[in-house]
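# pasting a predicted model and its sequence here:
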Amino acid sequence: MNGEVLKNLINGAWVDSSGKEAVDVRNPATGELLAKTPLSTAKDVDAAVQAAQAAFPAWRNTPVAVRARHLFRLKALLDEHKDEIARICTTEHGKTLAESQSDIGRGIENVEHACGMPTMMMGQSLEDIATGIDCSTFRQPMGVFAAITPFNFPPMVPLWFLPYAVATGNTFVLKPSEQVPLSQRRIFELMEKAGFPKGVLNLVNGGRDVVEALCSHERVQGVSFVGSTKIARLVYETAGKHGKRVQSLGGAKNFLLVDETAALEQAVQNACDSAYGCAGQRCLAGSTVVAIGSVYEKMKELIVRNAKNIVVGDGLDAKTNLGPVITAAARERIIGMIGKGVAEGAELLVDGRGLKMDGKYQNGFWLGPSVFDKVKPEMTIAKEEIFGPVVNIMRADTLEDGIALMNSVPYANAGSLYTSSGKSVQKFKATAHPAMLGINIGVAAPMAMFPFGGSKQSFFGDVKAHGGDAVQFYTDRKVVISRYF
Ligand code: NAD
């Protein structure tokens with residue numbers, strides 16, 4: 001890779017963006033320039049949407065089983081190129097190869113799931129709703145849909161949307177994160193090989209201008225967004241104002257509760273994997289671990305030991321458990337958050353800020369793991385998403401107090417309880433705010449066949465990503481009442 005300016009895929013052709021500016025894409029482990037993402041314009045978006053609109057009638061009239069066959073071919077191509085895509089992902093994002101494998105792996109699961117669209121999209125019928133009158137509902141595609149995605153899962157997040165959108169008969173425009181455009185470039189090349197007709201799938205690189213143009217374009221029927229809460233709200237408002245369907249997934253602050261009946265060693269290992277995986281840059285990262293009752297001292301000791309044993313390094317090296325963070329700016333922001341935690345009185349038991357790497361890694365965006373103890377609910381680090389390799393430890397006397405801490409933050413994406421008590425699980429399921437819960441599981445992973453999305457300020461909209469919700473989001477239901485004389 002050589003710092004080339006990337007192209008957009010519009011109407012089946014790789015074309016130059018009309019934008020004059022571009023964003024550097026760097027390998028976070030070395031700082032090396034990989035490519036430049038053009039900041040495309042409303043004109044580029046219009047070309048992509050017009051192409052998608054033109055492709056819609058024929059694609060919509062292609063039998064659903066034939067549409068699904070394109071996805072079968074795509075799935076085979078993605079399987080074949082899985083290692084290659086994982087390496088691209090690690091190189092542009094920094095996460096370990098194992099994390100990249102599971103990133104593209106979960107994406108492929110969505111392609112696989114959407115292959116079942118001929119069944120998933122079926123409507124309902126009822127005979128004789130009145131004498132001699134039958135009633136049926138049909139699910140029909142709507143036109144052009146768009147998705148806008150974040151930097152932290154470069155292959156996977158676009159695949160939460162795209163397979164379902166096109167399997168149901170819509171056409172599609174993706175704007176990937178300008179920070180990690182390379183995995184999607186490769187995936188779109190494979191989509192071309194899978195034989196989708198031109199205009200069905202379009203890729204427009206860029207940032208804010210592309211987002212604004214997609215959210216306001218009259219031909220776009222619906223928008224899926226994944227990213228920070230600030231932008232999720234903005235997209236929800238803008239696209240909603242322009243009459244579109246919107247599902248907008250935002251930021252998170254996830255709590256993991258550990259009670260006295262939990263298998264402690266496994267719980268801590270799992271909690272640390274949740275917090276430090278992908279360098280903490282996950283919307284499902286369990287960044288605050290709450291010790292309930294007497295478990296605190298032992299839990300703290302185990303967390304500190306775990307953090308000190310983490311091997312930081314290049315994600316391409318099999319020994320690495322923790323890669324760099326995405327950019328130099330992200331590193332500075334996280335260091336700022338750690339400084340704020342110290343200033344507000346939390347105790348920094350492990351400090352990852354001073355980490356230096358040598359040789360070709362000296363210009364990478366490195367941070368070691370950090371652990372904060374004595375975190376109080378009013379502190380910034382307890383309330384705001386850190387999105388870096390930092391664990392907060394908090395204490396609660398009872399499960400109810402732990403759940404109250406979890407529920408006190410404005411986000412409600414995911415949360416977990418480590419316990420062996422069924423009664424505690426019942427209480428947790430009933431009263432915890434997050435819409436995605438784990439029991440003895442640190443990351444309530446996105447499973448293609450189930451819906452995915454949080455609540456409160458972690459999600460704006462009603463119909464969530466993938467699973468059965470995707471079919472609902474991407475189709476309109478038409479009711480037909482019929483009788484014959
Ligand atoms: P981000 O909000 O900065 O960017 C997301 C997308 O929005 C990108 O495509 C970006 O180009 C665009 N964007 C950025 N600023 C914009 C602006 N001012 N106007 C219009 N568009 C803009 O998020 P990020 O840093 O890429 O990703 C990290 C965030 O995403 C975290 O908050 C994380 O929790 C969240 N996230 C949430 C989920 C979820 O399922 N809820 C999943 C992954 C990531």
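That came in fine, so what should we check first?

# which parts of the stretch 1-150 of the chain sit against the ligand?
Neighbours of the ligand within the stretch 1-150 of the chain, by CB under 6 Å from any ligand atom: 148-150. Using the backbone N, CA and C atoms, a C-beta is placed for each residue, glycine as well.

# of those residues, which belong to strands?
Of the positions in these, I148 sit in strands, assigned by DSSP state E.

# tell me, how many residues neighbour the residue of the stretch 201-350 of the chain found nearest the ligand?
In the stretch 201-350 of the chain, the residue that lies nearest the ligand is G227 (2.6 Å; CB to the nearest ligand atom). By the other CB atoms under 10 Å criterion, the neighbourhood of G227 contains 22 residues.

# cool, the one 3 residues further on as well?
When neighbours are defined as other CB under 10 Å, K230 has 11 of them.

# could I get the pLDDT score of it?
K230 is assigned a predicted lDDT (pLDDT) of 98.

# which strand or helix spans it?
helix 229-241 (DSSP states H and E).

# I'd like the next helix or strand past that helix.
Following helix 229-241 in sequence, per DSSP H and E, is strand 245-249.

# off-centre distance for the helix or strand that that next one is followed by?
The helix or strand immediately downstream of strand 245-249 is strand 255-258, counting by DSSP H and E. Centroid separation for strand 255-258 versus its chain: 21 Å, with CA atoms, centre = their mean, to the nearest Å.

# give me the contact list for the helix or strand following strand 255-258.
Of the helices and strands lying after strand 255-258 in sequence (DSSP H and E), the nearest is helix 264-276. Helix 264-276 is contacted from outside by 254, 256, 258, 282, 284-287, 289, 295, 298-299, 302-303, 306-307, 310, 321-322, 369, 389-391, 416, 418, 440-443, using CB atoms under 8 Å, 6 or more residues apart in numbering.

# and stretch 12-19, by the same measure?
With CB under 8 Å, 6+ apart as the criterion, stretch 12-19 contacts 5-9, 38-41, 43-44, 51, 192, 197-199, 204-206, 209.

# and it, which residues are buried?
17, 19 (16 or more other CB atoms under 10 Å).

# what about the nearest residue to K429 once chain neighbours are set aside, which SS state?
Excluding the flanking residues, the one nearest K429 by CB to CB, 6 or more residues apart in numbering is L437, at 6.4 Å. Secondary structure for L437, judged by DSSP: H, G, I helix; E, B strand; the rest coil, is strand.

# returning to that earlier point: go ahead and build a ChimeraX selection from the buried members of the contacts of stretch 12-19.
In ChimeraX syntax, the buried subset of those is picked out as below (16+ other CB under 10 Å):
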select :6,8,9,38,39,40,41,44,51,199,204,205,206,209
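
# now, the contacts of stretch 12-19 that are in strands?
Using DSSP E, the subset of the contacts of stretch 12-19 located in strands is 5, 8-9, 38.

# how many neighbours does the nearest residue to D462 once chain neighbours are set aside have?
Counting by CB to CB, 6+ apart, Q247 is the residue found nearest to D462 once chain neighbours are left out, at 8.0 Å. Number of residues near Q247 (other CB under 10 Å) recorded here: 28.

# same check, this time on T398
Neighbour count of T398, defined by other CB under 10 Å: 11.

# what does E237 give?
The number of residues packed near E237 is 14, by other CB under 10 Å.

# swap in I403?
So I403, with other CB under 10 Å, has 24 neighbours.

# tell me the contacts of it?
Going by CB under 8 Å, 6+ apart, I403 touches 257, 427-428, 431-432.

# which parts of the helix or strand containing it are buried?
Using DSSP H and E, I403 maps to helix 399-407. Buried positions in helix 399-407, judged by neighbour count with 16+ other CB under 10 Å: 399, 401-403, 405-406.

# distance check, the closest residue to E400 other than its chain neighbours against D16.
Spatial nearest neighbour of E400, excluding adjacent residues (CB to CB, 6+ apart): K427 at 7.6 Å. Relative to D16, K427 is positioned 58 Å away (CB to CB, to the nearest Å).

# where does F428 land in three-state SS?
Under three-state DSSP, F428 comes out as helix.

# and V290, that one's in a strand?
Yes. When three-state DSSP is applied, V290 is found to be in a strand.

# that one: neighbour count?
Count around V290 with other CB under 10 Å applied: 27.

# cool, the one 4 residues further on as well?
Using other CB under 10 Å, S294 has 11 neighbouring residues.

# contacts only, for it.
E260.

# and the pLDDT for the residue nearest to S216 when sequence neighbours are not counted?
Distance criterion CB to CB, 6+ apart; nearest residue to S216, sequence neighbours excluded, is H242 at 5.0 Å. pLDDT, H242: 98.

# touching, H242 and E218? I think so.
Yes. The pair H242 / E218 is scored as a contact, 7.5 Å apart, by CB atoms under 8 Å.

# so the two - more neighbours on which side?
H242 (15 against 9).

# so what's the more buried one up against?
So H242 contacts 215-218, 220 (CB under 8 Å, 6+ apart).

# how about 10 Å then?
214-218, 220, 223 (CB atoms under 10 Å, 6 or more residues apart in numbering).

# with K319 instead?
Here K319 is in contact with 96, 311, 313 (criterion: CB under 10 Å, 6+ apart).

# quick check: closest non-adjacent residue to the last one.
In other words, G313. Per CB to CB, 6+ apart, closest to G313 is T320, 3.9 Å.

# still on that earlier bit, taking the contacts of helix 264-276 one by one, which sit in strands?
Assigned to strands by DSSP E, the following of the contacts of helix 264-276 qualify: 256, 258, 289, 390-391, 416, 418.

# and the stretch 351-485 of the chain, which residues reach the ligand?
Going by CB under 6 Å from any ligand atom, the residues of the stretch 351-485 of the chain near the ligand are 385, 387, 413, 454, 458.

# tabulate these (TSV), appending pLDDT, secondary structure and neighbour count.
Formatted as TSV, those follow (pLDDT from 0 to 100; DSSP: H, G, I helix; E, B strand; the rest coil; neighbours: other CB atoms under 10 Å):
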residue	pLDDT	secondary structure	neighbour count
E385	97	coil	22
F387	98	coil	25
N413	97	coil	29
G454	97	coil	25
S458	98	coil	28
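
# possible to save the residues you listed as JSON lines with distance to Y361?
Putting those into JSON lines (distance: CB to CB, whole Å) gives the following:
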{"residue": "E385", "distance to Y361": "27"}
{"residue": "F387", "distance to Y361": "22"}
{"residue": "N413", "distance to Y361": "32"}
{"residue": "G454", "distance to Y361": "35"}
{"residue": "S458", "distance to Y361": "34"}
